[in-house]
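> From the sequence below, what's the structure:
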Amino acid sequence: MNISDYYDGADKLTADHGSSSYFKISPSQAANFFSSTRQWYGENLLGEPGFEGSDSTVLGTIVHYFAEQASLKIKPTDPDKLVSDYLDSQTVTDRSEILSLWRDMSNTLIQGCIHGQRPPIATELFMFHKLLPGIYVAGTTDSIIDLGNGSVSIRDYKTASTKPSGIPYNYRLQAHIYAFLATKAGYTVSQIELQYVTRPTKTLPCRHFEFIEPFTSDDLDKITNQLQLIAESVHFWNTHPQYRYLLAQDYRLKTPSKPTLFI
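Numbers count the residues shown, from 1 in each chain. The predicted structure follows:
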């Protein structure tokens, strides 16, 4: 498996819907629906370009890959070549910085939350759920951890430049969506967890930080309602184009009214 390999589940969604003309709500982008509404509609329904990545996201993908392989108890052969080949396929500003960071950050994350810990019961699991005809929420969770009490934890790996203070809104919403999907898949989810690894500083090495929050029935109800709101908004966008400017909060999208004839 190469670092750039990514399964988007398009074949499963196409098979379920009967065609490729479906809409997918992405867990990683869902927070923008509430916090950056115009941006969300622009990128998801108007075809406007979005964030295409940075050196930080490239580094995060590399660290995530090696954490995933470690959780599967796979030791990749020639990891340096894997990283080099992946970087060749990406547009990066400072290749040397990424090369100097990925190994220590990967090892720190693996030592902190994978080696010697309870193994995941699922890794890189793609899940989806149909909210409305042709409208899905779908994504791939990093790991699902059996807590040994009949419930599971939704785990997400994150990289950071400085010590994090907790789980921010966008990451929490993303994890709650994965918890929603896991619940629909038959799991009993009782918590979410973010496993961070930070870059080294001038005085400190790479460090691992763990943040765990409960996932309650109230959280499940809330995220269910939030996802349904997004789905119904997309449906309204498609069926009532004259009101798109209201949904996207952009008056420039308002279609000109037809002139009224006096009788």
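> so what's the backbone phi/psi at Phe126?
phi -80, psi 130 (degrees, to the nearest 10).
> Settle this for me: it is touching Lys12, isn't it.
Yes: using Cβ atoms under 8 Å, Phe126 is in contact with Lys12, at 7.1 Å. Glycine gets a C-beta too; all of them are placed from N, C-alpha and C.
> any shared contact partners between these two?
Residues touching both Phe126 and Lys12 (Cβ atoms under 8 Å, 6 or more residues apart in numbering): none.
> per-residue confidence averaged over the longest helix anywhere in the chain?
The residue-count maximum for a helix in the chain (DSSP state H) belongs to helix 217-239. Mean pLDDT, computed over helix 217-239, is 98.
> Which residue, other than its chain neighbours, is closest to Ser190?
Distances taken as Cβ to Cβ, 6 or more residues apart in numbering place Ser151 nearest to Ser190, at 3.8 Å, with adjacent residues excluded.
> if I look at that neighbour, how far off is Gly50?
Distance, Ser151 to Gly50, using Cβ to Cβ, to the nearest Å: 35 Å.
> One more: Gln29?
8 Å.
> more crowded one of those two?
Gln29 (20 against 12; other Cβ atoms under 10 Å).
> Now do the contacts for the more buried one.
By Cβ under 8 Å, 6+ apart, the residues touching Gln29 are 40, 43-44.
> again with Ser190
With Cβ under 8 Å, 6+ apart, Ser190 has these contacts: 147, 149, 151-153, 214-215.
> what about burial for those, which qualify?
When the contacts of Ser190 are checked for burial by 16 or more other Cβ atoms under 10 Å, the buried set is 152-153, 215.
> The residue nearest to Ser190 against Ala182, yeah?
No: the criterion here is Cβ under 8 Å, and Ser151 misses it with Ala182 at 10.4 Å.
> before we move on, the earlier item: let me see the confidence value for the residue nearest to Ser190.
Reading off the model, Ser151 has pLDDT 97.
> Tell me which residue is most central in this protein.
Most central in the chain under Cα atoms, centre = their mean is Ser28, positioned 3.3 Å from the mean C-alpha point.
> Out of the contacts of Ser190, which is nearest to Ile192?
Phe215 (5.4 Å; Cβ to Cβ).
> follow-up on the earlier one: can you list the contacts of Gln29 in CSV and add pLDDT?
CSV is the format used below for the contacts of Gln29 (pLDDT from 0 to 100):
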residue, pLDDT
Trp40, 97
Glu43, 96
Asn44, 96
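> Could you list which of the residues you listed belong to helices?
40, 43-44.
> Which one of the residues you listed is nearest to Glu210?
Taking Cβ to Cβ as the measure, Glu210 lies nearest Trp40 of those, at 29.9 Å.
> number of nearby residues for the closest one?
21.
> from here on, count from 50
Right, with 50 as the first residue, what we last looked at is Trp89.
> contacting residues for it?
Going by Cβ under 8 Å, 6+ apart, Trp89 touches 78, 81-82.
> Phe258: what's its closest spatial neighbour, skipping adjacent residues?
In space, Phe258 is closest to Tyr245, 4.4 Å off (Cβ to Cβ, 6+ apart).
> do you know how far Lys73 is from Val132?
30 Å.
> May I have stretch 281-290 as CSV, with CA atoms only?
Written as CSV, here are the backbone C-alpha positions of stretch 281-290 (Å, rounded to 0.1, in the frame of the first residue of the first chain):
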residue,chain,number,x,y,z
GLU,A,281,-32.3,18.9,3.8
SER,A,282,-30.5,22.1,3.0
VAL,A,283,-28.8,20.4,0.0
HIS,A,284,-32.2,19.0,-1.1
PHE,A,285,-33.7,22.5,-0.9
TRP,A,286,-30.7,24.0,-2.8
ASN,A,287,-31.4,21.5,-5.6
THR,A,288,-35.2,21.9,-5.8
HIS,A,289,-35.4,25.7,-5.1
PRO,A,290,-32.6,27.4,-7.0
